[in-house]
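> From the sequence below, what's the structure:
(2 chains)
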Amino acid sequence: MELTLWTYEGPPHVGALRIAASMEGVHYVLHAPQGDTYADLLFTMIERRDRRPPVTYTTFQARDLGGDTAELVKRSITEAVARFKPEALLVGESCTAELIQDQPGALAAGMDLGGVPMVSLDLPAYSKKENWGAAETFYQLVRVLLKDQLPAPGFTKPDPTRWRQEGRRPRVNLLGPSLLGFRCRDDVREITGLLADHGIEVNVVAPLGARPADLQRLPQADLNVCLYPEVAGPVCSWLERSFGMAVVRTVPIGVGATGDFLVELGEKLALELSLVGEADRRSRLPWYSRSVDSTYLTGKRVFIFADATHAIAAARIASQELGFTVVGLGTYSREQAREVRAAAQALGLEALISDDYLVVEKAMAEAAPELVLGTQMERHSAKRLGLPCAVISSPLHVQDVPARYSPQMGWEGANVIFDSWVHPLMMGLEEHLIGMFRHDFEFVDGHLSHLEGASGPAAAAPANGIASTAAGNHSRLADGPGTSQDTELVFTAGSVQAGGGQELGLNWSASGEAELSRIPFFVRGKVRRNTEAYARDRGVNTITEEVLYDAKAHFSR
Amino acid sequence: MAQPVASVAALSSDGIAVPSANPGAASSLERPDLIQQNGQREVFCGLTSIVWLHRRMPDAFFLVVGSRTCAHLVQSAAGVMIFAEPRFGTAILGERDLAGLADANEELDRLVRDLLERRPEIRTLFLVGSCPSEVIKLDLAKAAERLSRQHTGRVMVLNYSGSGIETTFTQGEDNALLSMVPLMPRSDEDQLLLVGTLADGVEERLTSLFQRLGIGLIRSLPPRSSTELPPVGKGTRMLLCQPFLSGTARALVDRGAQFVRSPYPLGVEGSRAWMAAAAAAFGIDPATVAAVLDPLVERGRRALAPHREVLAGKRLFLLPDSQLELSLARFLQQECGMELVEVGTPYLDRLLMAEELALLPPATQLSEGQDVERQLDRLRAARPDLVVCGMGLANPLEAEGFVTKWSIELVFSPIHGIDQAGDLAELFSRPLRRRALLQLP
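Just a heads-up that it's a prediction; the model follows:
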């Protein structure tokens, strides 16, 4: 038993629903009580879909339990097939139905469905979660639909370069995009365009927008592109094992990864791609990041928590393409924990693998970041801590399904990412200027311009290079940390809460407090914490003005 | 109104089966046959009511004992990401808990201990049963007793079911209040007991109006502080603020309370009748009631007028959801001039709804329960001007060209009382006004 106040992922049958709702011509009969129909609103309200997800719930009640719930399942299946005439039928159960063991899949297998392919879903509700359920459903559906095409054992693998002999363009499948996935709709368009620019055709996009018949065409592609491993990982591996189809696994988020993606594609397809200068030509991120205006981004402390795909991509973009310092990296995707751990290790960090948002919030506070990249929940946590934040991953909020074209992948995706990550910091610059002029009568200490509703200017609020030098007169101490020692320091500092400060056996002298008060509020907490850690390390009990400067000198080494 | 106060005897002779067992016999009115449906229901379960109950009682915590689905339902229905640490959560059953109930009980005790340590401000803990906890027969009543003993003097532990196999949407509140009834102290003093959660501001306003009418002592269930339960006894006149409190009403009658029969306080006329029924139960002169309420009624009708212009003559279809449907239908027909195509309700409690039923036009088509696909077939055939439905159906129906009002807003908004009637009407006129405003291709 585990206490959960809020959860990143729904139960596995919601994952199955995502697959069904993403596709055309698929219907899902779900043995579940009426409360489970809430899942419809995930699609009709959050995704703002104009139709109901294709699901029939049996909505059994307590009074049915003594009777024949199996009969209810069969009736629901018969009626759903008659009414919706699906091209493929998913049959499964939610957590409660799992306990009464009607085995709806077996019941369906014994029925005459008029030849409709049926997939029996076995999604353990008490041990698995939404993304696993989506991946398993997609995999089972593809397996059932390709059953008749399975090559005999010992078959010769199809050559991904056969397009040349066949005198046609190379063609690939884009696998993984789904409803409730982050910006999938626009990523598909972006990647389809990117491939077209290089003479590569898209054979099938699935599950988003695909019909069952499209899944039967999957083997006609030269290879599979695993766009979202959370959903398409198992399918791609199975197609690789059973059909010998090559897989491109680089996820093209960020300019570096988009380039690598094209290189991997080119290699596997034996296709000459002229990529020189393409990133600069097609995306503004490289130039914007090199431009002098972006100097102030250097070493910005960024905390990342997302699904595995977006967390790993964000870490690379942050560290290699924007010059940030990643001070925290984590995911709620346990299935991909290994990959996230590796990405964290490469940055000298230990990955946070958790589905407890309070643990994430605590780690966020401890890491004292200047920017948070996370889910909607991290946005709320960041707001409480007074930190700017950009949302980079599911679970979705209606805001994450924008009307405008807004991909994360490919060249345009990199542009979108540059804007959406840097704009909160530009606002941070505004904060800084407010700090500079805070002695002017127009400004009151603690003024917040964009962090509306935040708990107050916290310790870890944005600090940045330009203003800390410009504000030299009274913020000489502010431009200190920003180096890697900082990480250790922050983690050893005793108080987690921003602006905490008063610790046992440590006190501030009047001169120390006075000097501290001259530091702009948005870095004051951080300086206070650093100084206290420094004092503690050296057994200093009273923090004077001089101790403050000693600490500054220490940390700016 | 012949007899506003029903005796206990009269109550039991009315029969207390919910939902009604024999629809045909219950009414002498010439009504189209009740459509009783027993197919797919598109309604939340009782867990959803935690969303407003926890706000009513800030010193209470609601712990659902259930699955990840329960947790996901509550957060999705409520959009709860705004809370740092909400006062509700889910003890998610794992495979180990399913394997052995003894372990599940130990696990629950541990989890509650941790929770109470972390949240020292909690005075009442509700263990809320769910579909899985009921199917595995985890005895939460026993668990609540045991935990109450373990934490005696520190926190009161209650339990009720919010499961979707037992309850629908607003019935969760009924069960929650029902769990508190046995703990209410006994007192025979004269008091008006308002039963059902109201928005705090509305409650204050209604209380002050009752005082103006001359009712001295007014208390509420649920109280704002979970530990300050109102007493109940022979002097208690029980006035229901919400129509979905079937179990609680009967339990309070069993504890000696007199049931004040009335339509529900939605709309000007409904609210006036509701307050007048309470006044009559205290023997207050109708002239006093008129002196206090008539100016409000007059003002309320003026507030309704612009909305009536939009709504009059429009055809309304209500899908079953919050259990407020009959009261809303009565208000929108009687006071806003709408025509009723079909009035759906999750279940029909003829005792609690008697006054509402009497006020509906005789030809009103009622439906109880749901078979959502067939109901939508009827809806499409009828082409109503406005549809009241849940969040899962609203956008798909809008996309088909229907104008909708999603009903969950009705349980979160202050809509009760004469002064709120204009706001209530506005919730229904807005979608129609909006549709008229938009000039889209």
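> B:I50 and B:F169 touch, don't they?
No. In terms of C-beta atoms under 8 Å, B:I50 does not count as a neighbour of B:F169; the distance is 11.3 Å. All C-beta spots, glycine's among them, are computed from the backbone N, C-alpha and C.
> Which one of those two is surrounded by more residues?
B:F169 (30 against 27; other C-beta atoms under 10 Å in any protein chain shown).
> Which residue, neighbours along the chain excluded, lies closest to the more buried one?
Closest residue to B:F169 apart from its sequence neighbours, by C-beta to C-beta, 6 or more residues apart in numbering or on different chains: B:F44 at 4.5 Å.
> which residues of the stretch 1-150 of chain B fall in strands?
B:5-6, B:35-38, B:60-66, B:88-92, B:124-129 (DSSP state E, counting those that start in this stretch).
> quick one, which of those is nearest to chain A?
strand B:88-92 (4.3 Å; C-beta to the nearest C-beta).
> Am I right that B:L229 is in a helix?
No. Secondary structure of B:L229 (DSSP: H, G, I helix; E, B strand; the rest coil): coil, not part of a helix.
> who are the neighbours in contact with the nearest residue to it once chain neighbours are set aside?
Sequence neighbours aside, B:M184 is the residue nearest to B:L229 in space, at 4.8 Å (criterion: C-beta to C-beta, 6+ apart). By C-beta atoms under 8 Å, 6 or more residues apart in numbering or on different chains, B:M184 lies in contact with B:221, B:229-232, B:255.
> Below-threshold pLDDT in the chain: ranges please.
Assuming you mean chain A. A:427-504, A:520-522, A:557 (pLDDT under 70).
> hmm, I had chain B in mind actually
In chain B (pLDDT under 70), the answer is B:1-30, B:79-84.
> Are the helix or strand encompassing A:S76 and chain B in contact anywhere?
In this assignment (DSSP states H and E), A:S76 forms part of helix A:69-84. Yes. Applying C-beta under 8 Å from any C-beta of the partner chain, one finds helix A:69-84 touching chain B at A:76, A:79, A:83.
> Isn't the second one up against A:L72?
No. Counting by C-beta under 8 Å, A:E79 stays clear of A:L72, with 10.6 Å between them.
> gap between A:E71 and A:T58?
Going from A:E71 to A:T58 by C-beta to C-beta, to the nearest Å gives 10 Å.
> Which one of those two is surrounded by more residues?
Applying other C-beta under 10 Å to A:E71 and A:T58 shows that A:T58 carries more neighbours, namely 28 against 12.
> Spit out the contact partners of that one.
Per C-beta under 8 Å, 6+ apart, neighbours of A:T58: A:29-32, A:69, A:72-73, A:76, A:97, B:40.
> same thing but 10 Å
Applying C-beta atoms under 10 Å, 6 or more residues apart in numbering or on different chains, one finds that A:T58 lies in contact with A:29-34, A:36, A:64, A:69, A:72-77, A:80, A:93-94, A:97, A:102, A:104, B:39-40.
> Look up how far A:S333 lies from the spatially most central residue of chain A.
The centre of chain A sits closest to A:S393, judged by C-alpha atoms, centre = their mean, with a distance of 2.9 Å. Separation of A:S393 from A:S333 (C-beta to C-beta): 9 Å.
> Which neighbours do those two have in common?
Common neighbours of A:S393 and A:S333 (C-beta under 10 Å, 6+ apart) are A:8, A:306-311.
> Take those residues and keep only those in helices.
A:308-311 (DSSP state H).
> Looking at the residues you listed, spot the one nearest chain B.
Using C-beta to the nearest C-beta, these come closest to chain B at A:H310, 17.8 Å.
> A:P395 is in contact with the closest one, correct?
No. The pair A:H310 / A:P395 is not scored as a contact, 11.7 Å apart, by C-beta atoms under 10 Å.
> higher neighbour count, these two?
A:H310 (28 against 24).
> so what's the more buried one up against?
Applying C-beta under 10 Å, 6+ apart, the residues contacting A:H310 are A:181-183, A:228, A:230, A:251, A:253, A:304, A:331, A:333, A:373-375, A:391-394, A:408.
> how about a cut-off of 8 Å?
A:H310 neighbours (C-beta under 8 Å, 6+ apart): A:182, A:253, A:392-393, A:408.
> Adding secondary structure and distance to B:L115, write the residues you listed out as CSV.
Formatted as CSV, the contacts of A:H310 follow (DSSP: H, G, I helix; E, B strand; the rest coil; distance: C-beta to C-beta, whole Å):
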residue, secondary structure, distance to B:L115
A:F182, coil, 32
A:I253, strand, 39
A:I392, coil, 32
A:S393, coil, 29
A:Q408, coil, 38
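> can you put those residues in a markdown table and add distance to B:S161?
Converted to a markdown table, those look like this (distance: C-beta to C-beta, whole Å):
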| residue | distance to B:S161 |
| --- | --- |
| A:F182 | 37 |
| A:I253 | 46 |
| A:I392 | 40 |
| A:S393 | 36 |
| A:Q408 | 43 |
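> Of the residues you listed, which are in range of chain B?
Here nothing survives when these are matched to chain B using C-beta under 8 Å from any C-beta.
> Just want to check the distance between the closest residue to B:V112 other than its chain neighbours and B:A102.
In space, B:V112 comes closest to B:L147 once its chain neighbours are excluded; the distance is 5.5 Å by C-beta to C-beta, 6+ apart. Using C-beta to C-beta, one gets 16 Å for the distance from B:L147 to B:A102.
> Looking only at neighbour counts, state which of the two leads.
B:L147 (24 against 8).
> How about the contacts made by the more buried one?
B:108-109, B:112, B:125, B:127, B:157 are the contacts of B:L147 under C-beta under 8 Å, 6+ apart.
> wait, doesn't the residue nearest to B:F169 sit right on B:A77?
Yes. Taking contacts as C-beta under 8 Å, B:F44 lies within contact range of B:A77: 6.0 Å.
> any residues in contact with both of these two?
Listed as contacting both B:F44 and B:A77 by C-beta under 8 Å, 6+ apart are A:Y38.
> The two: which is more packed in?
Remark: of B:F44 and B:A77, B:F44 carries more neighbours, 33 against 22, as counted by other C-beta under 10 Å.
> Next one: A:A16 from chain B, what distance?
In this structure, A:A16 and chain B are 12 Å apart, going by C-beta to the nearest C-beta, to the nearest Å.
> Repeat that for A:A414.
Taken as C-beta to the nearest C-beta, the span from A:A414 to chain B is 28 Å.
> and if you look at A:E361?
8 Å.
> doesn't that residue fall inside a strand?
No. A:E361 is assigned helix when assessed by three-state DSSP, not a strand.
> show me the residues around it that make contact.
By C-beta under 8 Å, 6+ apart, the neighbours of A:E361 are A:378, A:381, A:384-385, B:84.
> Just the ones in helices from those, please.
A:378, A:381, A:384-385.
> out of everything not next to it in sequence, what's closest to A:L273?
A:G266 (4.1 Å).
> returning to that earlier point: out of the contacts of B:L147, which is nearest to B:P361?
For the contacts of B:L147, the residue nearest B:P361 by C-beta to C-beta is B:L127; the value is 44.0 Å.
> and the closest one, bridged to which residues?
For B:L127, the beta-bridge partners under DSSP bridges are B:L63, B:N159.
> Relative to B:I165, how far out is it?
17 Å.
> swap in B:L240?
25 Å.
> Spell out which parts of the stretch 301-441 of chain B neighbour chain A.
With C-beta under 8 Å from any C-beta as the criterion, the stretch 301-441 of chain B meets chain A at residues B:373, B:390-396, B:398-399.
> Got a quick PyMOL command for the buried subset of those?
Buried residues among those (16 or more other C-beta atoms under 10 Å in any protein chain shown), as a PyMOL selection:
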select buried, chain B and resi 373+390+391+392+393+394+395+396+398
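> now, which of the residues of the stretch 301-441 of chain B next to chain A lie within helices?
B:373, B:391-396, B:398-399.
> still on that earlier bit, may I have the helix or strand where the residue nearest to A:L273 lies exported as CSV, CA atoms only?
According to DSSP H and E, A:G266 maps onto helix A:255-269. Only the C-alpha atoms of helix A:255-269 are listed here, as CSV (Å, rounded to 0.1, in the frame of the first residue of the first chain):
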residue,chain,number,x,y,z
VAL,A,255,19.6,20.4,-32.8
GLY,A,256,22.3,17.9,-31.8
ALA,A,257,19.9,15.0,-31.6
THR,A,258,18.1,16.0,-34.8
GLY,A,259,21.4,16.0,-36.6
ASP,A,260,22.3,12.6,-35.0
PHE,A,261,18.9,11.3,-36.0
LEU,A,262,19.5,12.2,-39.6
VAL,A,263,22.9,10.6,-39.5
GLU,A,264,21.5,7.4,-38.0
LEU,A,265,18.8,7.3,-40.7
GLY,A,266,21.3,7.9,-43.4
GLU,A,267,23.6,5.2,-42.2
LYS,A,268,20.9,2.6,-41.8
LEU,A,269,19.3,3.4,-45.1
